[in-house]
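*Asks:* No letters, just coordinates:
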């Protein structure tokens, strides 16, 4: 487990950038690292557990690994969609509804916060609103000093004011989600469906997609693309984005696990969405035969398996 310091979230999953240049994200901000003592491993583990407990991340193995890498591998302060770091963070002003906890350690403390709805102002550079069931935030403050009012077991009014040695913010959107297969054969086109989870139409300005290779010790952006158009996604409907498995240099990417992050501008607010998949050299022939047989059965007797048929359409 690599421990330099941090650069996270979820969201999570829930987060951003073109890490090709490793500088661009929703707020186009970059905070320079200052003197910072490495946090205890247990603090990081607590934060990861805190995130996993509060949200059901899709494609959990891929997303969880990616988030772990972010938390554990502080680089030079660059960002990934929906992920922010500050060293130090002063001032902190968070007001709204959520769940929080403050824990003391021999070398300091760690404050955790899940903001279900409200506003977060951090370091005079991040000023974001959060809306219940639309976009939420996770926050971690190391060596926090100030006042924190929150309950640690139920959603309730929260207030956090003060400063901290380090702050991490991770944002996740509930408006959209990725629908894709878990595995793809190497060289085949990968189709990612962006699903509108809400009962109203959603307009996305210039959707931005990022692909990260998860098989290295460190996160590695291999491809990103901005779709130069406006998407109108009807309620519970989908839009499709295709990737040809080529990196930014036009080379076929190797087998392995990948994370896809979408940065979607909706009503002037960036919404990060996370997903994951695996690229393999070839599928198990028996599995393929079973899938073909099941598809044939479903096509012949659709009325007998409506639920299973709906599930297959989602994948």
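*Replies:* Arrived safely, thanks for sending. Note that this is a predicted model, so its numbers are computed, not measured.
*Asks:* confidence score at residue 274?
*Replies:* Each residue has a pLDDT score; the one for residue 274 is 89.
*Asks:* Pairing partners for it in the sheet, please.
*Replies:* residue 261 (DSSP bridges).
*Asks:* Report how many residues lie close to it.
*Replies:* Other residues within reach of residue 274, judged by other CB atoms under 10 Å, total 29. Heads up, the C-betas are built off the backbone N, CA and C, glycines and all.
*Asks:* Surely it touches residue 261?
*Replies:* Yes - the pair residue 274 and residue 261 qualifies as a contact (CB atoms under 8 Å) at a distance of 5.7 Å.
*Asks:* OK, contacts around the nearest residue to residue 276 once chain neighbours are set aside?
*Replies:* The shortest distance from residue 276 to any non-neighbouring residue, by CB to CB, 6 or more residues apart in numbering, is to residue 62 (2.6 Å). The contact partners of residue 62, taken as CB atoms under 8 Å, 6 or more residues apart in numbering, are 214, 257-259, 275-278.
*Asks:* with those residues in mind, which one is nearest to residue 167?
*Replies:* Closest approach to residue 167 among the contacts of residue 62 (CB to CB): residue 259, at 23.3 Å.
*Asks:* For that closest one, list the residues it contacts.
*Replies:* By CB under 8 Å, 6+ apart, the residues touching residue 259 are 62-63, 66, 211-212, 214, 274-276.
*Asks:* Swap in 10 Å and give it another go.
*Replies:* Contacts here follow CB atoms under 10 Å, 6 or more residues apart in numbering; on that basis residue 259 touches 13, 59, 62-63, 65-67, 69, 80, 210-214, 219, 221, 274-277.
*Asks:* one step back: what about the contacts of residue 62, which are in strands?
*Replies:* Counting by DSSP state E, the contacts of residue 62 place 257-259, 275-278 in strands.
*Asks:* which neighbours does whatever helix or strand residue 192 lives in have in its sheet, and in what orientation?
*Replies:* Assigned by DSSP states H and E, residue 192 belongs to strand 190-196. Strand 190-196 has its sheet partners listed here by DSSP bridges as strand 176-179 (antiparallel), strand 238-243 (antiparallel).
*Asks:* Outside of the longest one itself, list whatever touches it.
*Replies:* Strand 238-243 is contacted by residues 176-180, 184, 189-196, 202, 204, 207, 209, 211, 223, 225, 227, 231-233, 253, 258, 260, 262, 277, 314 when judged by CB under 10 Å, 6+ apart.
*Asks:* hmm, try it at 6 Å
*Replies:* Under the criterion CB atoms under 6 Å, 6 or more residues apart in numbering, residues 189-195, 209, 231, 233 lie in contact with strand 238-243.
*Asks:* Repeat that for stretch 110-123.
*Replies:* Contacts of stretch 110-123 with the rest of the structure, by CB under 6 Å, 6+ apart, involve 43, 50, 54, 86, 89, 92-103, 127-132, 136-139, 141-142, 144, 148, 155, 167.
*Asks:* among those residues, which ones are buried?
*Replies:* Among those, those buried by neighbour count (16 or more other CB atoms under 10 Å) are 43, 50, 54, 86, 89, 92, 94-102, 128, 130-131, 136-139, 141-142, 144, 148, 167.
*Asks:* list the contacts for residue 280?
*Replies:* Neighbouring residues of residue 280 by CB under 6 Å, 6+ apart: 183, 255.
*Asks:* Show me what it is bridged to.
*Replies:* With DSSP bridges applied, residue 280 shows beta-bridge pairing to residue 185.
*Asks:* pLDDT value on it, please?
*Replies:* According to the prediction, residue 280 has pLDDT 94.
*Asks:* which SS class is residue 66?
*Replies:* Using DSSP: H, G, I helix; E, B strand; the rest coil, the structure places residue 66 in helix.
*Asks:* Any idea how many residues pack against it?
*Replies:* Residue 66 has 30 neighbouring residues, counting by other CB under 10 Å.
*Asks:* With the one 4 residues further on instead?
*Replies:* Residue 70 sits with 24 neighbouring residues when counted by other CB under 10 Å.
*Asks:* Could you report the distance from it to residue 63?
*Replies:* For residue 70, the distance to residue 63 (CB to CB, to the nearest Å) stands at 11 Å.
*Asks:* Likewise for residue 84?
*Replies:* Relative to residue 63, residue 84 is positioned 18 Å away (CB to CB).
*Asks:* Just want to know which of these two has more residues nearby.
*Replies:* Remark: of residue 84 and residue 63, residue 84 carries more neighbours, 31 against 26, as counted by other CB under 10 Å.
*Asks:* Now do the contacts for the more buried one.
*Replies:* Counted by CB under 6 Å, 6+ apart, residue 84 has contacts 126, 169.
*Asks:* secondary structure element for it?
*Replies:* strand 83-86.
*Asks:* Repeat that for residue 249.
*Replies:* Under the criterion of DSSP H and E, residue 249 resides outside all helices and strands.
*Asks:* residues near it, how many?
*Replies:* 7.
*Asks:* Same check on residue 200?
*Replies:* Residue 200 has 9 neighbours, counted by other CB under 10 Å.
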